[in-house]
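A.B. asks: Okay, sequence plus prediction incoming.
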Amino acid sequence: MGYQPFVAARLEGSVAISGPNDNCRDSANVHRRIGNWVRPNTVLLVFNAGLHDVIRSQTTGRRRVEIERYETNLADIVRDLDGWGIRTAFATTTPVDDERCADSGKPQRLDADVRRYNETARRLMAERKVPVVDLYPLIDPTLLAADGVHLTVVGCAIAAEEVATGIAALL
């Protein structure tokens, strides 16, 4: 949601960009609801899931969606989109600053988990021949907001440029 308006502005006049108005949350929610979000004329869908999947329970330390289920959810999303005739690309999850995230009072996320989930997603997408827009290496801690999770305006602009370039290459 943070960088989508930047992507739309960057590609204005050449392609229509749309997305859900609400936060898509974790991969299980994306899989469950993606059919509600896809427009009838959608030809390419760039999606991401991961940042909510890695949220850890304060009581058990378990992630909201464990990595095996995350992989299954992504595979199911790709399968569904393919079945609907929609070209798909995946955008990796951006980094987390562990210390700032912990200090923010937001749900706990760890960058090590983000890296593991991204690696799982990259491998799965390679197997399925789904292009990947790799945002993770583009975002350093200075591009993260005070909460250590969300992107700054400059971070959103950088991510948007990469996504827009990926979209343009795929169309």
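C.D. replies: That came in fine, so what should we check first? Numbers count the residues shown, from 1 in each chain.
A.B. asks: Geometrically speaking, which residue is the centre of the chain?
C.D. replies: Asn48 (2.3 Å; C-alpha atoms, centre = their mean).
A.B. asks: Do you know the pLDDT at that residue?
C.D. replies: You'll see Asn48 listed with a pLDDT of 96.
A.B. asks: Look up how far Leu144 lies from it.
C.D. replies: 16 Å (C-beta to C-beta, to the nearest Å). All C-beta atoms are positioned from the backbone trio N, CA, C, and that covers glycine.
A.B. asks: Please apply the same query to Asp80.
C.D. replies: Taking C-beta to C-beta, one finds Asp80 at 32 Å from Leu144.
A.B. asks: Look at these two and report which has more neighbours.
C.D. replies: Higher neighbour count among Asp80 and Leu144: Leu144, with 20 against 15, using other C-beta atoms under 10 Å.
A.B. asks: List phi and psi for the closest residue to Leu44 other than its chain neighbours.
C.D. replies: Closest residue to Leu44 apart from its sequence neighbours, by C-beta to C-beta, 6 or more residues apart in numbering: Arg87 at 4.6 Å. With angles defined as degrees, to the nearest 10, Arg87 sits at phi -70, psi 140.
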